[in-house]
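Trainee: Have a look at this prediction, sequence included:
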Amino acid sequence: MNKKYYVYIMTNKRNTVIYTGVTNNLKNRVYEHKEELVDGFTKKYNITKLVYYEVFEYPENAILREKQIKAGSRQKKIELVNKNNSAW
């Protein structure tokens with residue numbers, strides 16, 4: 001079975017903070033964010049809502065995409081989410 005890698009965007013309840021990350025276990029990583037199991041940015045800003053993700057076959061591609069998304073403006077991230085999840 002091939003391992004998958006995910007780039008994801010999460011936000012808080014009011015959609016005022018956007019977080020972009022990369023993982024090889026999306027379900028577990030979202031759980032960790034929601035349950036505030038890891039200290040840091042997502043715990044501090046109550047990042048609990050998954051609003052977007054992309055799937056990759058190779059970790060290098062996922063990391064490059066994460067960097068590309070992070071380098072973009074907040075508006076570009078909002079547009080990316082809106083294009084695929086207008087109800088977020």
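Mentor: On my side now, so go ahead.
Trainee: ok, and what's touching stretch 22-34?
Mentor: The contact list for stretch 22-34 (Cβ atoms under 8 Å, 6 or more residues apart in numbering) reads 3-8, 10, 19, 21, 37-38, 42, 47-48, 50, 53, 59, 62-63, 65-66. In this view, the C-beta of every residue, glycine as well, is placed from N, C-alpha and C.
Trainee: Out of the residues you listed, which sit inside helices?
Mentor: Assigned to helices by DSSP state H, the following of the contacts of stretch 22-34 qualify: 42, 59, 62, 63, 65, 66.
Trainee: thought the last one was touching residue 7?
Mentor: Yes. In this structure residue 66 lies within contact range of residue 7 using Cβ atoms under 8 Å: 4.8 Å.
Trainee: Give the residues shared as contacts by the two.
Mentor: Here residue 66 and residue 7 have 20, 21, 22 as joint contacts, going by Cβ under 8 Å, 6+ apart.
Trainee: Out of the ones in helices among the contacts of stretch 22-34, which two sit at the greatest distance?
Mentor: 42 and 59 (20.7 Å; Cβ to Cβ).
Trainee: which one of the two has more residues nearby?
Mentor: residue 42 (21 against 14; other Cβ atoms under 10 Å).
Trainee: my read: that one touches residue 9, true?
Mentor: No. Contact criterion Cβ under 8 Å: residue 42 and residue 9 do not qualify, at 11.6 Å.
Trainee: any idea how far the worst-scoring helix or strand of the chain on mean pLDDT is from the chain center?
Mentor: Sorting the helices and strands of the chain by mean pLDDT, DSSP states H and E puts helix 41-44 at the bottom, at a mean of 94. Centroid displacement of helix 41-44 relative to its chain, using Cα atoms, centre = their mean, to the nearest Å, is 13 Å.
Trainee: buried residues in it?
Mentor: residue 42 (16 or more other Cβ atoms under 10 Å).
Trainee: can you check stretch 24-32 too?
Mentor: 26, 29, 30.
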